[in-house]
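Enquirer: this one's structure only:
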């Protein structure tokens, strides 16, 4: 992935990598036509690098989040055919377990944490009759607290 990290900045992109997860971040102009052309050209350069490196983009795991007021201008025609199936732009993406929405609100993250905590409590409830009260408290605080604290820095 080091060569990709060297290629990406030369095309005006920022890169965030963690283990096998790579995110490309691009700030685009307000004009959708120019933005599509710029993004198309940058994706082609990355596609060429991937082909030379014998790598493949996993379209099933590819997420595109478009932030801004004119998201409707992004149809399927801008995605380079050399990259495979066209990913559908989404309203939110998961980044190391943290859900960030296109409007930069915390709604999706709060919903995800609430759901996770509720499911954990439901599973714990099944085992509580066999566990002493102090152990129940410790296990509950540990499992729920870690979920609530995850991503607090963001």
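Expert: Alright, I've got the coordinates. Worth saying up front: this structure is predicted, and the values here are computed from it rather than measured.
Enquirer: helices of the protein, start to end?
Expert: For the chain, the helices defined by DSSP state H cover 2-7, 32-53, 107-127, 133-149.
Enquirer: adding mean neighbour count, write these out as CSV.
Expert: The C-beta positions use only the backbone N, C-alpha and C, and glycine is treated the same way. Converted to CSV, those look like this (neighbours: other C-beta atoms under 10 Å):
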stretch, mean neighbour count
helix 2-7, 12
helix 32-53, 15
helix 107-127, 13
helix 133-149, 12
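Enquirer: tabulate the ones you listed (TSV), appending mean pLDDT and distance to residue 63.
Expert: Formatted as TSV, those follow (pLDDT from 0 to 100; distance: least, C-beta to C-beta, whole Å):
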stretch	mean pLDDT	distance to residue 63
helix 2-7	74	18
helix 32-53	76	14
helix 107-127	87	13
helix 133-149	87	22
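Enquirer: of those, which is nearest residue 20?
Expert: Taking C-beta to C-beta, helix 2-7 is the member of those nearest to residue 20, at 12.0 Å.
Enquirer: circling back to that earlier point, could the helices of the chain be laid out in TSV, adding distance to residue 101?
Expert: Shown next, in TSV, are the helices of the chain (distance: least, C-beta to C-beta, whole Å):
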stretch	distance to residue 101
helix 2-7	26
helix 32-53	20
helix 107-127	5
helix 133-149	19
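Enquirer: what number of residues lie near the closest residue to residue 136 other than its chain neighbours?
Expert: Nearest-residue entry for residue 136: residue 128, 5.5 Å, with adjacent residues in sequence omitted and distances by C-beta to C-beta, 6 or more residues apart in numbering. Neighbour count for residue 128, taken as other C-beta atoms under 10 Å: 14.
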